[in-house]
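Colleague: Quick one, structure for this:
(chains A, B, C and D)
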Number of protein chains: 2
Amino acid sequence: MATSAAAVLPALPATHPCHGCAARELALCGVLQEGELATFKSLGGHQQMSPGQPLFHEGDPTTQVFNITRGSLKIYKLLPDGRRQVMGFMFPGDFLGISISDEHAFTAEALEPTHMCRFARNRFDDFVEERPDMERRLYSLAAHELAAAQAQMVLLGRKSAAERLASFFLDLAQRAERLGRAPVTAIDLPMSRLDIADYLGLTKETVSRVLAQLKQKRLIRLVTLNRIEILDREGLDAIAQGLTDN
Amino acid sequence: MATSAAAVLPALPATHPCHGCAARELALCGVLQEGELATFKSLGGHQQMSPGQPLFHEGDPTTQVFNITRGSLKIYKLLPDGRRQVMGFMFPGDFLGISISDEHAFTAEALEPTHMCRFARNRFDDFVEERPDMERRLYSLAAHELAAAQAQMVLLGRKSAAERLASFFLDLAQRAERLGRAPVTAIDLPMSRLDIADYLGLTKETVSRVLAQLKQKRLIRLVTLNRIEILDREGLDAIAQGLTDN
DNA sequence: CGCGTGCTTGACCAATGTCAAGTATGGTGG
DNA sequence: CCACCATACTTGACATTGGTCAAGCACGCG
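Modeller: Residues are numbered from 1 along each chain as shown, chains lettered A, B, ... in the order given. The predicted structure follows:
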């Protein structure tokens, strides 16, 4: 879900306001490399958030576009009675708030201290308008998110609890690798067990129990409560794809 | 899922090769209204399919783009062990095969005798390239499909069997209304119970049982096996949104 | 070091899945 | 036009997975 748009980007000094901002890839912050900081400031600015702080709610007007530079968020929808479905987790490089509708389709909430670049939506739209290749990039972005959403539909509709957890961990590992460009064996879980449960269509108790099973089978290890180490990636893979019988 | 791109289109004679073809909306068949049939023929042609016949399989190269003019299809993904998730159903006006990847992400199979316009993918791409507004339309299409996919994630992750069925019927009714532009009380179900089950993440037995419950509560009626009448739309709506307690 | 929150574990329960008959529908051929 | 057949649908009995409710534990913060 919500796949990263971050390709390999040219290095930018860590002090640069758009360091780690994948909007560069969209040629937005590319401008900035030329030193035109004024352009960036006219487009938006920066923002920081604390854990649990909502960035926007489902139904809010889409007045801004965000690009995460540090930290993570969850995005979710609620049913009237409070049941929750987490649609995905957002990490550095991911875009938030790009929507064709003028209302956000979900709530976004920080999981940890999180930084992001912010752009006024109308200026962002103008900016997009000016660049012929921008529509294509946005389209490509949406197409990738659609593919991720469809994979999640398979998971939610047809996979067992263990298969869901295994798929989730492998997904996180792949995303970390895409960001960091090196094989990853340990994964941070900035979200709670309840968040994971609401993402995978389970309860937090089932998540705990399956975690215990995976641990006992020596497929993973809990480094800390919020960090797992993958001990047997092939094994996890087999479970994730439903090739093993439990 | 897979929302229709069909807006209100100018009438075209029923004998016209692109009658009912929403590609017109994409300015593709708009050309045809000027009588340039040659352009259409160079772009593609027509195709008919029988029930059960696959249009393409998951993993096939995306060499063609289709626009359904009559009938319906299901699109689905398979897990290695044969479990199936139906991603959606396609009706007249819907596009198929538009993908950023060069491989289809799912299998498409006709549910009934089905007609479609066909375009060579590279010609379609060229055509898109020439029109500045085409990218935007494709983007909008992808964005709507993404929204539908996310709604389905909520359904699959968090709704009960009865809520899923109710949501499904209302969805079909709305789609029929979008196509036909008149309130709809009876809905055709060109797909089997198993197809519905695989779409909603259930088994065919559960679909049957829930259908019996809804019938018994006088919310729906089976006109024939493959056609239901909605007797109480508010009641169905309440169930679909989880506002009722079973 | 102690406290609170979130995580884990256990016992039990409910919803849905599985397996197996039975039934009906609608298509076909006499 | 009717009867038969195949297939798909429905229904029933039972199994299973995951959910619920309730303790207990432990991590990490202060």
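Colleague: Let me know the secondary structure of A:Ser167.
Modeller: helix (DSSP: H, G, I helix; E, B strand; the rest coil).
Colleague: Could you measure from the nearest residue to it once chain neighbours are set aside over to chain B?
Modeller: In this structure, A:Ser167 finds its nearest non-sequential neighbour in A:Ala240, 4.2 Å apart by C-beta to C-beta, 6 or more residues apart in numbering or on different chains. No exception for glycine: its C-beta is placed from N, CA and C like everyone else's. Counting by C-beta to the nearest C-beta, to the nearest Å, the separation of A:Ala240 from chain B is 10 Å.
Colleague: I figured A:Ala240 hits A:Val154, correct?
Modeller: No. Assessed by C-beta atoms under 8 Å, A:Ala240 is found out of contact with A:Val154, at 11.0 Å.
Colleague: follow-up on the earlier one: what about the residue nearest to A:Ser167, how many residues nearby?
Modeller: For A:Ala240, the count of nearby residues is 22 (other C-beta atoms under 10 Å in any protein chain shown).
Colleague: Now do it, the pLDDT please.
Modeller: pLDDT for A:Ala240: 97.
Colleague: Report the separation between the residue nearest the centre of chain A and A:Thr63.
Modeller: In chain A, the residue lying closest to the centroid (C-alpha atoms, centre = their mean) is A:Met90, at 2.1 Å. Computed as C-beta to C-beta, to the nearest Å, the A:Met90 to A:Thr63 distance reads 18 Å.
Colleague: Dihedrals phi and psi, the residue nearest to A:Ser167?
Modeller: phi -60, psi -40 (degrees, to the nearest 10).
Colleague: and it, what does it touch?
Modeller: Shown here is A:Ala240, whose contacts under the criterion C-beta atoms under 8 Å, 6 or more residues apart in numbering or on different chains are A:Glu163, A:Ala166, A:Ser167, A:Leu170.
Colleague: Kindly report the same for A:Lys217.
Modeller: Applying C-beta under 8 Å, 6+ apart to A:Lys217 gives the contacts A:Gly235.
Colleague: tell me the phi and psi of it?
Modeller: Dihedral pair for A:Lys217: phi -80, psi 10, per degrees, to the nearest 10.
Colleague: Quick check: it vs DNA strand D, distance?
Modeller: To DNA strand D, A:Lys217 is 15 Å away according to C-beta to the nearest atom of the strand, to the nearest Å.
Colleague: and what of A:Ala182?
Modeller: In terms of C-beta to the nearest atom of the strand, A:Ala182 sits 24 Å off from DNA strand D.
Colleague: Could you list the domains of chain A?
Modeller: Chain A breaks down into these domains under automatic domain parsing: A:22-155, A:159-240.
Colleague: In a markdown table: those domains, plus distance to B:Leu219.
Modeller: Shown next, in a markdown table, are these (distance: least, C-beta to C-beta, whole Å):
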| stretch | distance to B:Leu219 |
| --- | --- |
| domain A:22-155 | 19 |
| domain A:159-240 | 25 |
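Colleague: hmm, back to that, what number of residues lie near the closest residue to the residue nearest to the centre of chain A other than its chain neighbours?
Modeller: In space, and not counting its chain neighbours, A:Met90 is closest to A:Leu73: 4.5 Å by C-beta to C-beta, 6+ apart. Applying other C-beta under 10 Å, we find 28 residues neighbouring A:Leu73.
Colleague: check contacts around A:Leu73.
Modeller: A:Leu73 is in contact with A:Met49, A:Leu55, A:Phe89, A:Met90, A:Leu96, A:Ala108, A:Glu109, A:Ala110, A:Leu111, A:Thr114, counting by C-beta under 8 Å, 6+ apart.
Colleague: host element of A:Glu109?
Modeller: Element membership for A:Glu109, per DSSP states H and E: strand A:107-110.
Colleague: about what we covered before: wait, which of the domains of chain A is closest to B:Arg175?
Modeller: B:Arg175 lies closest, by C-beta to C-beta, to one member of the domains of chain A: domain A:22-155, at 18.0 Å.
Colleague: does any part of the closest one sit near DNA strand D?
Modeller: No. In terms of C-beta under 7 Å from any atom of the strand, no part of domain A:22-155 sits within range of DNA strand D; the closest distance is 8.8 Å.
Colleague: export the contacts of A:Ala240 to CSV and tack on distance to DNA strand D, pLDDT and neighbour count?
Modeller: As requested, the contacts of A:Ala240 are exported to CSV (distance: C-beta to the nearest atom of the strand, whole Å; pLDDT from 0 to 100; neighbours: other C-beta atoms under 10 Å in any protein chain shown):
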residue, distance to DNA strand D, pLDDT, neighbour count
A:Glu163, 8, 98, 24
A:Ala166, 12, 98, 26
A:Ser167, 12, 98, 22
A:Leu170, 17, 98, 18
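Colleague: What's the local residue count around A:Arg137?
Modeller: Counted with other C-beta under 10 Å, residues neighbouring A:Arg137 total 17.
Colleague: pLDDT score assigned to it?
Modeller: Taking A:Arg137 on its own, its pLDDT is 83.
Colleague: quick one: it from B:Gly157, how far?
Modeller: Distance, A:Arg137 to B:Gly157, by C-beta to C-beta: 30 Å.
Colleague: how about the strands in chain A?
Modeller: A:44-49, A:54-56, A:64-70, A:73-78, A:84-90, A:95-96, A:107-110, A:114-120, A:186-188, A:220-224, A:227-230 (DSSP state E).
Colleague: tell me the mean pLDDT for the third one?
Modeller: Model confidence over strand A:64-70, given as mean pLDDT, is 91.
Colleague: in its sheet, what does it sit against?
Modeller: With DSSP bridges as the test, strand A:64-70 is paired with strand A:95-96 (antiparallel), strand A:114-120 (antiparallel).
Colleague: out of the ones you listed, which comes closest to B:Leu236?
Modeller: strand A:95-96 (33.9 Å).
Colleague: How about the residue nearest to A:Gly97 when sequence neighbours are not counted: which residues does it bridge to?
Modeller: Once flanking residues are discounted, A:Gly97 sits nearest to A:Val65: 4.6 Å by C-beta to C-beta, 6+ apart. Beta-bridge partners for A:Val65, by DSSP bridges, are A:Phe119.
Colleague: What distance do you get for A:Val65 to chain B?
Modeller: The spacing between A:Val65 and chain B, counted by C-beta to the nearest C-beta, is 14 Å.
Colleague: and the lengthiest helix in chain A with chain B, contact?
Modeller: Secondary structure assigned by DSSP state H gives helix A:132-158 as the longest helix of chain A. Yes. Judged by C-beta under 8 Å from any C-beta of the partner chain, helix A:132-158 comes into contact with chain B at A:132, A:135-136, A:138-140, A:142-147, A:149-150, A:152-154, A:156-158.
Colleague: so that helix versus strand B:84-90, what angle?
Modeller: Counting by axes from the mean of the first three to the mean of the last three C-alpha atoms, to 10 degrees, helix A:132-158 lies at 130 degrees to strand B:84-90.
Colleague: Next, count neighbours for A:His115.
Modeller: The number of residues packed near A:His115 is 18, by other C-beta under 10 Å.
Colleague: so who does it touch?
Modeller: A:His115 neighbours (C-beta under 8 Å, 6+ apart): A:His46, A:Gln47, A:Gln48, A:Met49, A:Ile68, A:Thr69, A:Arg70, A:Gly71.
Colleague: Which entries within those residues meet the buried criterion?
Modeller: A:Met49, A:Ile68, A:Thr69, A:Gly71 (16 or more other C-beta atoms under 10 Å in any protein chain shown).
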